[in-house]
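Student: build me a model from this:
(one chain, ligands or ions: 1)
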Amino acid sequence: MPAPLFDPGAFRLTPEEASLTAQAREFGEAVLAPRAARWDREASFPTENYRDMQANGLLGIGIPKDDGGLGAGFRAYCLTAAELGRFCGATALTWNMHVCSTLWSGPLTEDLEMPEAVRAGHRRRRRLHYDRILQDGAIYSQPFSEGGAAAAGGTAFGTTARRVPGGYRVSGRKIFASLAGHADFYGILCTEVRDEDARLSRRDTLYLAIPREAEGVSVEGEWDPLGMRGTVSRTLVFRDVFVEEDAALMPPGLYFQAASRWPHMFMTLSPTYMGIAQAAYDFTIAYLRGEQPGTPPVKRRMYPTKQIAVAEMRIMLEQTKALWFQAITEAGPDPSREQVQRAWAAQHTVMENAAAIAAKAVRTCGGQAMLKSLPLERLYRDARCGSLMLPWTAELCVDRLGRDCLYEKGETD
Ligand SMILES: Cc1cc2nc3c(=O)[nH]c(=O)nc-3n(C[C@H](O)[C@H](O)[C@H](O)COP(=O)(O)OP(=O)(O)OC[C@H]3O[C@@H](n4cnc5c(N)ncnc54)[C@H](O)[C@@H]3O)c2cc1C
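Tutor: Numbers count the residues shown, from 1 in each chain. Have a look, this model is predicted:
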């Protein structure tokens, strides 16, 4: 079994983190790794992996213990997801969408303000969602992107919800909807239309779980991408879909508060890519030592250029791990400005460095290493997708960081 990505002693992990990450590493190596090439080749959804994750409890990792889940906090989840990312990027990334549905509606909302009656209603409703996950193995997704500035946090979502007796009627379209056709519930962000004549407002964002089978829901378009092929991120269309009031994963208005006060919630796409960076490095070591399964036992480690390349990869990996670990450790409500800046820097670093480390691994290992019979070329393609993930794409992190470092609140030129 490979060494832990974050050694429990060296990084002072809690006993819970040590145990969850060990479980994920063992499961990733034994179950996810042997199947990963198939999802990639077929661009098919890893359904079998989800059945196994229901059996071993990982579907409920973000569900509070009082509600029957494993009760992982933000950092414990991130560390566990990074371990899974080493073995199957598409499974780790889609699992992230599922887990965030519980993490955001669970421990994260406990840090937010709402009247007690609203909190009681929220706790009752989220329990319904959690029971479906724990008892029926229900899978949740997070289709937010619409192709405009909404998923980047710039404007209100164009997908709308109108209140009707007993619930909402939802209409709109989501692109890049990972788990399309495979999740049992699509946890969409949409805007409540409260006044037909007023402009849509981000403050009216609703977070609703729409059943896959609801009337008016359809999956459209092809899915044949460069990497992360097993995510099956096709287009979802909602045509006047009725959902009950209990579909709400957060009370009205709370998502806006969460996005403003708990910004680290947007780092949750990064663990998968932290794992991919480690996997590309691990592959390189094994390959150059002549120990990579599926390759002849030819050593290449004695060439000075290979040693320099590995040293550079290791330096980049250590920098990435250290910054990311600090940022996920600081996650919480109302972070300081410096902590938010560090989170942007960490997200950017993970997403860009995963791609850079994978690219360097391909160049350093050489021609035979990029054959499709080996995992490296898949890691290389999967790694390339990280920088594109909204709302904190690599470009947006740079945009925000540069502006925020140079301008105090309220300053303009
Ligand atoms: C494998 C994969 C899986 C995905 N799964 C999901 C999912 O499950 N759910 C989901 O919601 N999305 C998902 N996405 C979508 C992803 O988060 C982005 O929304 C998507 O890649 C954006 O595609 P686009 O062509 O619309 O790019 P654009 O929206 O055009 O963005 C292109 C670039 O422009 C920049 N940009 C965009 N808006 C602004 C702005 N307002 N200000 C400044 N710069 C801006 C960004 O830096 C971005 O990188 C997935 C993407 C991939 C690659």
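
Student: thought Ser19 was touching Leu70, still the case?
Tutor: No. In this structure, Leu70 is not within contact of Ser19 by C-beta atoms under 8 Å, at 9.7 Å. Where you see a C-beta, it was placed from the backbone N, CA and C, and this is true even at glycine.

Student: those two - which one has more neighbours?
Tutor: Residue environment comparison for Leu70 versus Ser19 gives the larger neighbour count to Leu70, 21 against 15, counting by other C-beta atoms under 10 Å.

Student: what parts of the stretch 1-150 of the chain come near the ligand?
Tutor: Residues of the stretch 1-150 of the chain found near the ligand, taking C-beta under 6 Å from any ligand atom as the criterion, are Met97, Ser141, Gln142, Pro143, Phe144, Ser145, Gly147, Ala149.

Student: export those residues to a markdown table and tack on secondary structure?
Tutor: Shown next, in a markdown table, are these (DSSP: H, G, I helix; E, B strand; the rest coil):
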| residue | secondary structure |
| --- | --- |
| Met97 | helix |
| Ser141 | strand |
| Gln142 | coil |
| Pro143 | coil |
| Phe144 | coil |
| Ser145 | coil |
| Gly147 | coil |
| Ala149 | coil |
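
Student: show me the contacts for the residue in the stretch 201-350 of the chain that the ligand sits nearest to.
Tutor: Of the residues in the stretch 201-350 of the chain, the one nearest the ligand is Met228, at a distance of 3.5 Å by C-beta to the nearest ligand atom. Counting by C-beta atoms under 8 Å, 6 or more residues apart in numbering, Met228 makes contact with Gly89, Ala90, Leu93, Arg381, Asp382, Cys385.

Student: swap in 10 Å and give it another go.
Tutor: Under the criterion of C-beta atoms under 10 Å, 6 or more residues apart in numbering, the contact partners of Met228 comprise 39-40, 43, 89-90, 92-94, 176, 178, 272, 276, 378, 381-386, 388-389.

Student: what mean pLDDT does stretch 58-71 have?
Tutor: Here stretch 58-71 scores 97 as its mean pLDDT.

Student: should've said stretch 134-148
Tutor: 96.

Student: shift numbering so it begins at 55
Tutor: New numbering, starting at 55: the last item is stretch 188-202.

Student: start and end of it, how far apart?
Tutor: For stretch 188-202, the first and last residues are 35 Å from each other (C-alpha to C-alpha, to the nearest Å).

Student: mind listing what's buried in it?
Tutor: Judged by neighbour count (16 or more other C-beta atoms under 10 Å), stretch 188-202 contains these buried residues: Leu188, Ala192, Ile193, Tyr194, Ser195, Gln196, Pro197, Phe198, Ser199, Glu200.

Student: check whether the longest helix along the chain comes near the ligand.
Tutor: Taking DSSP state H as the criterion, the chain has its longest helix at helix 391-419. No. Using C-beta under 6 Å from any ligand atom, we find that helix 391-419 stays clear of the ligand, coming within 10.4 Å at best.

Student: which elements pack onto that helix?
Tutor: Counting by 3 or more C-beta pairs under 10 Å, 6 or more residues apart in numbering; DSSP states H and E, the packing neighbours recorded for helix 391-419 are helix 324-342, helix 358-384, helix 430-438, helix 448-460.

Student: buried sites along the longest one?
Tutor: Pointing back at helix 358-384 there. Buried residues in helix 358-384, counting neighbours by 16+ other C-beta under 10 Å, are found at 360, 363-364, 367, 370-371, 374-375, 377-379, 381-382, 384.

Student: and it, what does it pack against?
Tutor: For helix 358-384, the packing partners by 3+ C-beta pairs under 10 Å, 6+ apart come out as helix 128-139, helix 324-342, helix 391-419.

Student: and Asp106, how many neighbours?
Tutor: Using other C-beta under 10 Å, Asp106 is surrounded by 18 other residues.

Student: contacts for stretch 363-373, please.
Tutor: Residues lying outside stretch 363-373 but in contact with it, judged by C-beta under 10 Å, 6+ apart, are 59, 328, 331-332, 334-336, 338-339, 342, 355, 357, 403, 406-408, 410-412, 414-415, 417-419.

Student: and the pLDDT for the closest residue to Thr418 other than its chain neighbours?
Tutor: Spatial nearest neighbour of Thr418, excluding adjacent residues (C-beta to C-beta, 6 or more residues apart in numbering): Ala363 at 4.1 Å. Among the per-residue scores, Ala363 shows a pLDDT of 98.

Student: for the residue of the stretch 255-404 of the chain closest to the ligand, which non-adjacent residue is closest in space?
Tutor: Leaving aside its sequence neighbours, Met282 sits nearest to Cys439 (C-beta to C-beta, 6+ apart; 4.7 Å).
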